[in-house]
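S.K.: this one's structure only:
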């Protein structure tokens, strides 16, 4: 479309100004921003403070800290603590509190604030030591120029010599002791306040002597106290208190004596009487000594004797001794002189006939050798008419000893036959003894024999190999098994139990349900009661070994038990069974598994009835050939040996075997009420166990002498 607007006339080269549409821009609005001022922060802080304070006041607890001394400085760490008067506002919790005060030890403690609204916590500061200044004064002792030294003890501890200057002492009451050689001891209580304070103390010691005046007698006479010369009459001196013997003496005069008791501060004056002329001194001796002495028929004592007799008189002195003639002497004494009188007494003797064997034995009279028996003329010996000890000795023999009084005019003789020491030893051996537990033990003199059983013997087991043993040590073995009553003396709480409704625990039944260790400990208990060295070595209640040389009580060894069970007299013949060689046993041979046990035992002796289904009283059946009871039947027995295999006759004979040195099991010998076959009833039967059983007990034994 063409522009129809008319064109204006304009000069060439001049542009035409054209109008355009215009709209003004919108007015710019100025934005206003808020800025915090300082007072805003002040207001906020004040509000927070008010809030915190209100919260603290509402949740804090009122705490009173009661400390001694009250002036102590208190510091609390671990949280806010506000002091309000004498109390503190503190929130519940744990705090560290410190106390300090001059003169006291600082204290660090824990303050535990609980939920209680108001609470009190008490603390006590310990005062520090105090300082003691101590001086000691005393009056000097007359005649003594030595300086006074005083030792100080506080609570029994020597702290040095006086004076003490600033000596530290713990606060409190103490015992003060002051000791000085010539003064009375002072003992008193002192109170030390402590707190680093100094305290002054002055003590005056009191003299421990008295003034002593000795007058009278003769001037120049010696004065002695307890045998020491202290001066001459007249005498005045200070002497420590005590008990004395006062003596005043002068040559040619009798000494004057008096017991003297001096008390500190109590002066004394002693008037000594005129001294008398001295007695004569007489020393009387006799050979031999021990003679009775009379002076003018007054008995004075026995020789050797010292007498004082008034001077200028004649005295008749007689000496008497049994077996000696009376001796008589006359003497005259002079003042201050001594006389020695020695008298040889004449013995009164009588010939005594002496008959003794062996003839070369030696004779001793009161310990003095008098020759051999065969050296005495006409077999006579001169003996005194007094009691004397006669000994006749010879090496290898027990000496003969006797008190003998020879009587003149009477025919007398001494007969003595010495016995060898070995014969005396054997004669002194008791064939039967009783243990502290009440067991009767018989003495046996064993010998060599063969243990075990031949392979051809019916019932023989593989562990019963034949072996030769030699028993050299004589021994005692109890006739009976140890009973319940005897064992309960050692262990009162033990019970042997019940079986099939029948008790095993009657007093006279053999003890059962005991281990080998129990039996060994019982044996040691017997040894202790008898004053013997224990046979078994025990550590912490367990048996760990044995002392083979001991003669203490023990269990028999297996070799001893079998020897006692199957030998007889001195024969080397051994029996199959403790009662002999017959099978089956006749009634009343022992307590075995009989007809009454068939309800609970698989094997029993048919037709046999001993009257007991379980254990019977010990000693109820006849003894064996050695006089021992229940070696067959009733209960089997623990013996000493540890169980082990045996090698048989292809080895050398064993001497006094005591079993292996170590092992788990112990050997059990003999049959019991549970056994009813030829296997178990044989004397060579060997069993073993480590646990208690209701058919195993034990008997006791001991060696006659220690091992050589």
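M.R.: Yep, it's here. Here the structure is a predicted model, which means the values were calculated and not measured.

S.K.: Verify the stated contact: residue 74 with residue 65.
M.R.: Yes - if you go by Cβ atoms under 8 Å, residue 74 and residue 65 touch, sitting 6.0 Å apart. Every residue, glycine included, has its C-beta placed from N, CA and C.

S.K.: Counting neighbours, go ahead and name the busier of these two.
M.R.: Neighbours per residue (other Cβ atoms under 10 Å) separate residue 74 from residue 65, with residue 65 holding more: 21 against 16.

S.K.: Got the confidence number for residue 150?
M.R.: Residue 150 carries a pLDDT score of 86 in this model.

S.K.: and it, how many neighbours does it have?
M.R.: 21.

S.K.: Spell out for me which residue occupies the centre of the chain.
M.R.: Nearest to the geometric centre of the chain sits residue 528, at 16.2 Å (Cα atoms, centre = their mean).

S.K.: so how far is whichever strand or helix holds it from its chain's centroid?
M.R.: In the assignment (DSSP states H and E), residue 528 maps to helix 516-530. Remark: helix 516-530 is offset 22 Å from the chain centroid, using Cα atoms, centre = their mean, to the nearest Å.

S.K.: neighbouring contacts of the biggest helix by length in the chain?
M.R.: Of all segments of type helix in the chain, defined using DSSP state H, the longest is helix 38-59. Contacts to helix 38-59, defined as Cβ atoms under 8 Å, 6 or more residues apart in numbering, come from residues 80, 82, 89, 91.

S.K.: Restricted to strands, list those.
M.R.: Using DSSP state E, 82, 89 are the members of these that sit in strands.

S.K.: Kindly supply the PyMOL command isolating those of the contacts of helix 38-59 that are buried.
M.R.: To isolate the buried subset of the contacts of helix 38-59 in PyMOL, counting by 16 or more other Cβ atoms under 10 Å, use the following:
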select buried, resi 89
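
S.K.: how about the contacts of helix 38-59, which pair is most distant?
M.R.: Using Cβ to Cβ, the two most remote members of the contacts of helix 38-59 are 82 and 91, lying 10.1 Å apart.

S.K.: what do those two both touch?
M.R.: With Cβ under 8 Å, 6+ apart, residue 82 and residue 91 have common neighbours 56, 60.

S.K.: which intervals of the stretch 501-650 of the chain have sub-threshold pLDDT?
M.R.: For the stretch 501-650 of the chain, applying pLDDT under 70 flags the ranges 648-650.

S.K.: just the strands in it please.
M.R.: 502-503, 536-539, 542-546, 636-642 (DSSP state E, counting those that start in this stretch).

S.K.: just to revisit the earlier point, distance to residue 134 for the contacts of helix 38-59 - can I get that in CSV?
M.R.: Conversion of the contacts of helix 38-59 to CSV gives the following (distance: Cβ to Cβ, whole Å):
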residue, distance to residue 134
80, 51
82, 50
89, 50
91, 53
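
S.K.: between the contacts of helix 38-59, which is closest to residue 372?
M.R.: Among these, residue 91 lies closest to residue 372 (Cβ to Cβ), at 114.1 Å.

S.K.: Run a quick check on that closest one versus residue 60, I expect a contact.
M.R.: Yes - the pair residue 91 and residue 60 qualifies as a contact (Cβ under 8 Å) at a distance of 5.1 Å.

S.K.: so who does residue 311 touch?
M.R.: By Cβ under 8 Å, 6+ apart, the contact set of residue 311 is 277-280, 333-337.

S.K.: Rebuild these as a markdown table, extending it with secondary structure.
M.R.: As requested, the contacts of residue 311 are exported to a markdown table (DSSP: H, G, I helix; E, B strand; the rest coil):
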| residue | secondary structure |
| --- | --- |
| 277 | strand |
| 278 | coil |
| 279 | coil |
| 280 | strand |
| 333 | coil |
| 334 | coil |
| 335 | coil |
| 336 | coil |
| 337 | coil |
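
S.K.: From the residues you listed, list the buried ones, please.
M.R.: The buried subset of those - by 16+ other Cβ under 10 Å - is 278-280, 333.

S.K.: Let me know the closest of those residues to residue 318.
M.R.: Using Cβ to Cβ, those come closest to residue 318 at residue 333, 16.6 Å.

S.K.: Residue 317 is in contact with that closest one, correct?
M.R.: No - in this structure residue 333 lies outside contact range of residue 317 using Cβ under 8 Å: 11.1 Å.

S.K.: got any residues that touch both of the two?
M.R.: residue 282.

S.K.: Need the pLDDT of residue 357.
M.R.: With respect to pLDDT, residue 357 has a value of 90.

S.K.: what's across from it in the sheet?
M.R.: Beta-bridge pairing for residue 357 (DSSP bridges): residue 417.

S.K.: Give me the neighbour count for it.
M.R.: Using other Cβ under 10 Å, residue 357 has 15 other residues around it.

S.K.: how close does it get to residue 608?
M.R.: For residue 357, the distance to residue 608 (Cβ to Cβ, to the nearest Å) stands at 60 Å.

S.K.: now do residue 162
M.R.: Residue 162 is 102 Å from residue 608, where distance means Cβ to Cβ.

S.K.: got it, and residue 468?
M.R.: 34 Å.

S.K.: can you check residue 669 too?
M.R.: According to Cβ to Cβ, residue 669 and residue 608 sit 22 Å apart.

S.K.: My guess is residue 355 contacts residue 414. True?
M.R.: Yes - in this structure, residue 355 is within contact of residue 414 by Cβ under 8 Å, at 7.2 Å.

S.K.: So which of these two has more stuff around it?
M.R.: Higher neighbour count among residue 355 and residue 414: residue 414, with 18 against 12, using other Cβ under 10 Å.

S.K.: Setting aside sequence neighbours, what's the nearest residue to that one?
M.R.: residue 354 (5.1 Å; Cβ to Cβ, 6 or more residues apart in numbering).
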